[in-house]
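J.: kindly return the folded structure for what I paste below:
(chains A and B)
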Amino acid sequence: MDKILTRYGDNYIAELTPEEIRADIEDGTADAADRAQIPPLSKDEMDYLYEIITCPQKIVSVVPGKEVVVSFDAGTLKLSVRNGIPLDRLQAILTQERALASDSIELCHVDYSYKPIKPIISEERQAMEQAQLLTTLPVLYGAMPNMGLYTKPDGPCENWAELLPAGKIPEARAAQEEAIEHAIRDIVFVASGMIESGADGINFDTVGASGDADVKASLEAVRILKAKYPTTGFEVGMAGEFNLGMHGQLAFDDEIIAGLYPHQQVKMAERAGVSIFGMAINTNSSMSLAWNLARVVTFAKATVAVAEIPVHANVGMGVGGVPLSIIPSADAVSRVDKALIEIGGVDGL
Amino acid sequence: MSKETYIKEAIESIIEYNEGKALDVMNRAVADGCDPVEILSEGFSAGIREVGDLFGKGRVFLPELMLAAEVMQKISSIVDKEVAAKGDATEKKGTMILATVQGDVHDIGKGIVASLIKTQGIEIVDLGRDVSVDDIIAAAEKYDADIIGTSALLTTTLGEQKKLEEILREKGLRDKYKTILGGAPATQRWADRIGADAYAEDAAEGVNKVLALLAK
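T.: You can find the predicted model right below:
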């Protein structure tokens, strides 16, 4: 039988047989089920995923009525920094709203972390006010918690990434606990300023990139902000498919943070007051699209099944089954979107 | 007690990062006449690889991984002493240069790789992150390395791994070193394409691949 044109996780073109694609789907869903202790896809779901992946059209789409909304991370960096189009942030927001029909957008600074926004908060507030005056789409403000910025020489805390390999585990844990307090203070300061300047919501991007301390700081900050601004929305997008345990003993409401997978992360996020949960599943660049997508959809289905808040799947490059490439191919991206929506049941991308 | 029981206990002691238990197992195995190198390679080393796998699944966290690596290093040094005391020729395990390539500041994964490979008695010269190809080659020459390992976490810095292969060839040094690479955007296909000797998907696989390269 003819081979089917598909992709590997690094965007390389792959020509696989139907049997190889089916085997990859089975292996991918089994891998997710084993890692997160969740149910694998059913036979019908695997058959439908096979249909999506082997569809002869270059680009696929969801069936009418299944459309979902999109939200962004690094929102105003997409057109200017990523695509090299000389637009300022306000022009980028207007382009997203009026030319690209985006459902929402995120205003952000090129120093995409909460800490460096503190000294320029007045400029950021002005940009938010201008954006709100000129647009009707929801404009969120966003940045990363980025706990690494609190370690020496950039910050006051000892560097746990250096302490851990040196065997100084209590010191590494103490440094992370100290950094959490700094991060919460900075996030609440910046987010409060932006909300009071009209932000429709606050986005926490790549939460957990520095490990479980990063997650704790973000969720504690959301809890404080939600109590302060109960009508504001908070989106939390994760860094990876499980919380990396750099500390290992940190808890949120007595539940250990490290090691949680998306279907557990979302419940913790709900308790903190998060409005939209951004699940992030890592793409394995060595494996096929079929393997990666089966895995991602398995995680998504389990997460959506337990979530009481909308789940938006992160489909940036190298995440969510999207190939890890500077320009991921449209054939792969459109299949990822369709499968995540129609099989995974996600509420947004 | 049988060798198999000692091996089982050795694996358990590493998974439990229990230094006391590990030392006890090794001491009893040696007293019973078992080959310490065999207990190390089939027991303790298998244990550290399993800890690496568990870490990859989020079931073991970084502090525990580091504790397990520490126990492993202590056991390795005991084995070295045992081998030396018997007057056996100590097998040269090798020296490895490790670096995150220029333009890339990600080094958590590389640190884990360094910790696990060290446990196998291989000397690691960790150059850190954002390291130029010239500096990597200079270090390889200075330390008379056997292997050069590079990590690239960005699609934009992946090209540095190719540059390393090219400059090694230009300088006539390519056959002097084995090269191994890793990082999220790297694949076996990439390693084959640029002419690297090996690719490792994660730290646990890195240990196996480095040992295999040294055995060549």
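
J.: list the buried residues of stretch A:312-332.
T.: By 16 or more other Cβ atoms under 10 Å in any protein chain shown, the buried positions in stretch A:312-332 come out as A:312-325, A:328-329, A:331-332. For every residue, glycine as well, the C-beta is placed using N, CA and C.

J.: please apply the same query to stretch A:101-113.
T.: Quick answer for stretch A:101-113 (16+ other Cβ under 10 Å): A:Ser102, A:Asp103, A:Ser104, A:Ile105, A:Glu106, A:Leu107, A:Cys108, A:His109, A:Tyr112, A:Ser113.

J.: again with stretch A:130-143
T.: Buried residues in stretch A:130-143 (16+ other Cβ under 10 Å): A:Gln130, A:Ala131, A:Gln132, A:Thr135, A:Leu137, A:Pro138, A:Val139, A:Leu140, A:Tyr141, A:Gly142, A:Ala143.

J.: which residues in chain A form helices?
T.: A:18-36, A:43-54, A:89-98, A:114-117, A:121-134, A:160-163, A:169-196, A:212-228, A:262-272, A:289-306, A:330-342 (DSSP state H).

J.: lowest mean pLDDT across those helices, which one is that?
T.: In terms of average pLDDT, helix A:160-163 trails the rest of the helices of chain A, at a mean of 88.

J.: get me the contact residues on chain B for chain A.
T.: By the rule Cβ under 8 Å from any Cβ of the partner chain, the part of chain B lying against chain A is B:57-64, B:66-67, B:70, B:107-108, B:111, B:114-115, B:155-156, B:184-190, B:201.

J.: from those residues, which land in helices?
T.: Going by DSSP H, the helices hold B:62-64, B:66-67, B:70, B:108, B:111, B:114-115, B:188-190 from these.

J.: tell me which of these is nearest to A:Glu178?
T.: B:Pro63 (16.4 Å; Cβ to Cβ).

J.: one step back: quick one: closest of the helices of chain A to A:Gly65.
T.: Using Cβ to Cβ, the nearest of the helices of chain A to A:Gly65 is helix A:330-342, at 10.7 Å.

J.: who's in contact with the closest residue to chain B within the stretch 101-250 of chain A?
T.: At 2.6 Å from chain B, A:Gly245 is the closest residue in the stretch 101-250 of chain A, using Cβ to the nearest Cβ. Residues in contact with A:Gly245, defined by Cβ atoms under 8 Å, 6 or more residues apart in numbering or on different chains, are A:Gly211, A:Asp212, A:Ile257, A:Ala258, A:Gly259, B:Gly58, B:Val60, B:Phe61, B:Leu62, B:Pro63, B:Glu64.

J.: and the fifth one, backbone torsions?
T.: The phi and psi torsions at A:Gly259 (degrees, to the nearest 10) take the values phi 90, psi 0.

J.: isn't it right next to A:Met246, touching?
T.: No. With contact defined as Cβ atoms under 8 Å, A:Gly259 does not count as touching A:Met246 (11.7 Å).

J.: which neighbours do those two have in common?
T.: B:Phe61.

J.: so the two - more neighbours on which side?
T.: A side-by-side neighbour count of A:Gly259 and A:Met246, using other Cβ atoms under 10 Å in any protein chain shown, places A:Met246 first with 24 against 19.

J.: residues touching the more buried one, list them.
T.: A:Met246 sits in contact with A:160-161, A:164, A:172, A:176, A:210-213, A:258, B:61-63, B:108, where contact means Cβ under 8 Å, 6+ apart.

J.: save those residues as JSON lines, and put in distance to A:Ala307 too.
T.: Converted to JSON lines, these look like this (distance: Cβ to Cβ, whole Å):
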{"residue": "A:Trp160", "distance to A:Ala307": "31"}
{"residue": "A:Ala161", "distance to A:Ala307": "32"}
{"residue": "A:Leu164", "distance to A:Ala307": "33"}
{"residue": "A:Ala172", "distance to A:Ala307": "33"}
{"residue": "A:Gln176", "distance to A:Ala307": "28"}
{"residue": "A:Ser210", "distance to A:Ala307": "25"}
{"residue": "A:Gly211", "distance to A:Ala307": "23"}
{"residue": "A:Asp212", "distance to A:Ala307": "21"}
{"residue": "A:Ala213", "distance to A:Ala307": "24"}
{"residue": "A:Ala258", "distance to A:Ala307": "21"}
{"residue": "B:Phe61", "distance to A:Ala307": "25"}
{"residue": "B:Leu62", "distance to A:Ala307": "28"}
{"residue": "B:Pro63", "distance to A:Ala307": "30"}
{"residue": "B:Ile108", "distance to A:Ala307": "29"}
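
J.: and these, which two are the farthest apart?
T.: A:Ala161 and A:Ala258 (15.6 Å).

J.: about what we covered before: dump the contacts of A:Gly245 into a markdown table; add distance to A:Ala36 as well.
T.: Below are the contacts of A:Gly245 laid out as a markdown table (distance: Cβ to Cβ, whole Å):
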| residue | distance to A:Ala36 |
| --- | --- |
| A:Gly211 | 19 |
| A:Asp212 | 17 |
| A:Ile257 | 15 |
| A:Ala258 | 14 |
| A:Gly259 | 10 |
| B:Gly58 | 9 |
| B:Val60 | 15 |
| B:Phe61 | 16 |
| B:Leu62 | 20 |
| B:Pro63 | 22 |
| B:Glu64 | 20 |
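
J.: next, name the residue at the spatial heart of chain B.
T.: B:Ile117 (1.9 Å; Cα atoms, centre = their mean).

J.: which members of the residues of chain B next to chain A are classed as buried?
T.: The buried subset of the residues of chain B next to chain A - by 16+ other Cβ under 10 Å - is B:58, B:60-64, B:66-67, B:70, B:107-108, B:111, B:114-115, B:155, B:184-187, B:190, B:201.

J.: name the nearest residue to A:Tyr8, sequence neighbours excluded.
T.: A:Ala14 (5.1 Å; Cβ to Cβ, 6 or more residues apart in numbering or on different chains).

J.: count of neighbours near that neighbour?
T.: Counted with other Cβ under 10 Å, A:Ala14 comes out at 20.

J.: and it, what are its bridge partners?
T.: Taking DSSP bridges as the rule, A:Ala14 bridges to A:Thr6.

J.: quick one: pLDDT of whichever residue of chain B sits closest to chain A?
T.: As assessed by Cβ to the nearest Cβ, chain A sits closest to B:Phe61 within chain B, at 2.6 Å. pLDDT, B:Phe61: 90.

J.: the one 4 residues further on too?
T.: According to the predicted model, the pLDDT of B:Leu65 comes to 85.

J.: what does B:Gly87 give?
T.: At B:Gly87, pLDDT is 63.

J.: please apply the same query to the one 5 residues further on.
T.: The model reports B:Lys92 with a pLDDT of 57.

J.: re the thing from before, which of the helices of chain A is buried the deepest?
T.: helix A:289-306 (a mean of 26; mean count of other Cβ atoms under 10 Å in any protein chain shown).

J.: give me the angle between that helix and helix A:43-54.
T.: With axes from the mean of the first three to the mean of the last three Cα atoms, to 10 degrees defining the directions, helix A:289-306 sits at 130 degrees from helix A:43-54.

J.: by contact count, what packs against helix A:289-306?
T.: strand A:4-7, helix A:18-36, helix A:43-54, helix A:262-272, strand A:276-279, strand A:311-313, helix A:330-342 (3 or more Cβ pairs under 8 Å, 6 or more residues apart in numbering or on different chains; DSSP states H and E).

J.: now the end-to-end length of stretch A:262-280.
T.: End-to-end distance for stretch A:262-280, by Cα to Cα, to the nearest Å: 8 Å.

J.: is it anywhere near chain B?
T.: No. On the criterion Cβ under 8 Å from any Cβ, stretch A:262-280 is out of touch with chain B, staying 10.3 Å away.

J.: how about the strands in chain B?
T.: Ranges of strands in chain B, per DSSP state E, are B:95-100, B:123-126, B:147-151, B:178-182, B:198-199.

J.: comparing those strands by mean pLDDT, which bottoms out?
T.: Of all the strands of chain B, strand B:123-126 has the smallest average pLDDT, which comes to a mean of 91.

J.: can you list the buried residues in it?
T.: Buried residues in strand B:123-126 (16+ other Cβ under 10 Å): B:Ile124, B:Val125, B:Asp126.
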